[in-house]
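Peer 1: Predicted model, plus sequence, below.
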Amino acid sequence: MILTIDIGNSSIVTGVFKQDYLENIFRSSKTTEKTSDEYGMLLYSFFQHHHYSFSDVEGVILSSVVPSIMHRFKKMCRDYFKIEPVIVGPGVKTGLNILYDDPKEVGSDRIANAVAAISLYQAPCIVVDIGTATTFCYIDEKHRYCGGVIAPGAALSADALSMSASRLPQIELQKPKHVINKTTLSSIHSGTYYGYLCMIDGMIERMKKEERHRDVVVIATGGLVDLYASESETIQYVDRNLTLKGLKIIYDRNK
């Protein structure tokens, strides 16, 4: 059994792999106040529910965009699994040639997404991760990570709108029935849904145009992927577990 743990801005997602099969997923909210023991006990409850044992775990790989809590997860792995985890970062073999000016700036989740996209789909490709932030990554036909785009996520924008404009309410993201609306609430729903949908499709088209390569596979993942992908004109594949799959591939390359 291999655990792949993706620590994101909003949530922590743990994948349980047996051989190459993703058997189970455990999601918990991210909080910087939890101790390593609390994270360990959360996983213990999940393991008990699925009749797993900590002793079944042969390896752990960690990816995090929240550096401040990484040491707690490393301690949790040592204390509860008696394992030194693989951490996606400098010195870890990914098989990816990163063309960023400073490769260390590329988030480990984006690296995992790119590795999985190349292995499970094809290159050139664009990976769209629709979550707290909306990120776009371009991988060329030579399997080089050429760069990408980072935009605020739809939920962040909706929250900022309600905080900065005192008369506008907070909303839950959802698809409205119409683009043009006659109430403030439905108008905000339209802006946060169709506005972001246009941004996603428009950005993908601009990336294709800039790279002068139209035959590009587009894969989408992330916590909000189900809300937007079905209406997108450019997204071809939806893989909700792309990051976890990429982490497993990276783990195998570093065994």
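Peer 2: Received it, and whenever you're ready, just let me know what you need. Numbering: from 1, shown residues only.
Peer 1: use CA for all of it now, contacts and neighbours both
Peer 2: Will do.
Peer 1: Tell me where this structure has helices.
Peer 2: For the chain, the helices defined by DSSP state H cover 36-49, 70-76, 108-120, 154-164, 184-211, 225-229, 242-253.
Peer 1: Using TSV, please lay out the ones you listed together with mean neighbour count, distance to T94 and mean pLDDT.
Peer 2: Formatted as TSV, these follow (neighbours: other Cα atoms under 10 Å; distance: least, Cα to Cα, whole Å; pLDDT from 0 to 100):
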stretch	mean neighbour count	distance to T94	mean pLDDT
helix 36-49	15	27	95
helix 70-76	18	20	94
helix 108-120	22	7	96
helix 154-164	15	30	77
helix 184-211	17	24	92
helix 225-229	17	25	94
helix 242-253	23	5	97
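Peer 1: among the ones you listed, which is nearest Q19?
Peer 2: Between Q19 and the helices of the chain, the tightest spacing by Cα to Cα is seen for helix 242-253, at 9.8 Å.
Peer 1: closest to K177 out of the helices of the chain?
Peer 2: helix 184-211 (8.5 Å).
Peer 1: how many other residues sit next to I150?
Peer 2: By the criterion of other Cα atoms under 10 Å, I150 has 12 neighbours.
Peer 1: Can you name the residues that contact the nearest residue to D201 once chain neighbours are set aside?
Peer 2: Once flanking residues are discounted, D201 sits nearest to T234: 5.7 Å by Cα to Cα, 6 or more residues apart in numbering. With contact set as Cα atoms under 8 Å, 6 or more residues apart in numbering, T234 has these partners: D201, I204, E205, V218.
Peer 1: So what's the residue count around H213?
Peer 2: As a burial measure, H213 scores 13 neighbours (other Cα under 10 Å).
Peer 1: my read: Q170 touches A160, true?
Peer 2: No. Counting by Cα atoms under 8 Å, Q170 sits too far from A160 to count as a contact (9.2 Å).
Peer 1: what's the closest of the helices of the chain to Y21?
Peer 2: Nearest of the helices of the chain (Cα to Cα): helix 242-253, 9.2 Å.
Peer 1: Which one of the helices of the chain lies nearest to T132?
Peer 2: T132 lies closest to helix 154-164 among the helices of the chain, at 6.7 Å (Cα to Cα).
Peer 1: how far off helix 184-211 does that closest one point, in degrees?
Peer 2: Per axes from the mean of the first three to the mean of the last three Cα atoms, to 10 degrees, the angle that helix 154-164 makes with helix 184-211 is 130 degrees.
Peer 1: ok now helix 154-164, how far from the chain's centre?
Peer 2: Chain-centre distance of helix 154-164: 21 Å, with Cα atoms, centre = their mean, to the nearest Å.
Peer 1: and that helix, what does it pack onto?
Peer 2: strand 133-139, helix 184-211 (3 or more Cα pairs under 8 Å, 6 or more residues apart in numbering; DSSP states H and E).
Peer 1: Strand partners (parallel or antiparallel) of the shortest one?
Peer 2: Using DSSP bridges, the strands paired with strand 133-139 in its sheet are strand 125-130 (antiparallel), strand 144-152 (antiparallel).
Peer 1: Same list (the ones you listed) but as a markdown table, adding mean pLDDT and distance to K30.
Peer 2: Shown next, in a markdown table, are the strands paired with strand 133-139 (pLDDT from 0 to 100; distance: least, Cα to Cα, whole Å):
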| stretch | mean pLDDT | distance to K30 |
| --- | --- | --- |
| strand 125-130 | 97 | 17 |
| strand 144-152 | 95 | 18 |
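Peer 1: most tightly surrounded among these?
Peer 2: strand 125-130 (a mean of 26; mean count of other Cα atoms under 10 Å).
Peer 1: No further questions, thank you.
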